[in-house]
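Peer 1: generate coordinates for the sequence data below:
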Amino acid sequence: MSQNTTAVLNAEGKVNDLLADLFELNPKTICDDWTHEDIALWDSLQHLRMITAMEQEFGIKFSMAEIRSMENIGQIRSILRKKVGR
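Peer 2: Okay, here's the model as predicted:
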């Protein structure tokens, strides 16, 4: 397994844990197609907290375009995969 693959897999688990903490969810039930409409605690403030937490956890910075495009869990994972897998 390559280092990039390992980093991405580790990131996936950390993302689930982070989202579960922020949005008070069971990490095993989080679905990629969930949006803010599916998660009661996902409001604009929690969105910013999520961005900050991921940037700190993974040592990355998101662009404004990336932040605005994070409309569901799958998009968040996809953007993070690209950034962590570099």
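Peer 1: ok, for Ile39, nearest residue in space, not its chain neighbours?
Peer 2: In space, and not counting its chain neighbours, Ile39 is closest to Phe23: 5.0 Å by Cβ to Cβ, 6 or more residues apart in numbering. C-betas here are computed from N, CA, C, even on glycine.
Peer 1: repeat for Ala53
Peer 2: Nearest non-adjacent residue to Ala53, counting by Cβ to Cβ, 6+ apart: Leu18, 5.5 Å away.
Peer 1: also Asp17?
Peer 2: Pro27 (5.7 Å).
Peer 1: residues contacting the one you found?
Peer 2: Asn16, Asp17, Leu19, Ala20 (Cβ atoms under 8 Å, 6 or more residues apart in numbering).
Peer 1: ok, which stretches of this protein are helices?
Peer 2: Applying DSSP state H to the chain gives helices spanning 3-23, 44-58, 64-69, 73-84.
Peer 1: comparing these, which yields the minimum mean pLDDT?
Peer 2: Ranked by mean pLDDT, the helices of the chain end with helix 3-23 at the bottom, a mean of 75.
Peer 1: still on that earlier bit, ok, now which ones touch the residue nearest to Ile39?
Peer 2: Residues in contact with Phe23 (Cβ under 8 Å, 6+ apart) are Ile39, Ala40, Leu41, Trp42, Gln46.
Peer 1: what does Phe62 give?
Peer 2: Listed by Cβ under 8 Å, 6+ apart, the contact set of Phe62 reads Ile51, Met54, Glu55, Ile79, Lys83.
Peer 1: repeat for Val15
Peer 2: Taking Cβ under 8 Å, 6+ apart, we find Val15 in contact with Met54, Ile76, Arg77, Leu80.
Peer 1: against Ile79, how distant is it?
Peer 2: Plainly put, Val15 is 11 Å away from Ile79 if you go by Cβ to Cβ, to the nearest Å.
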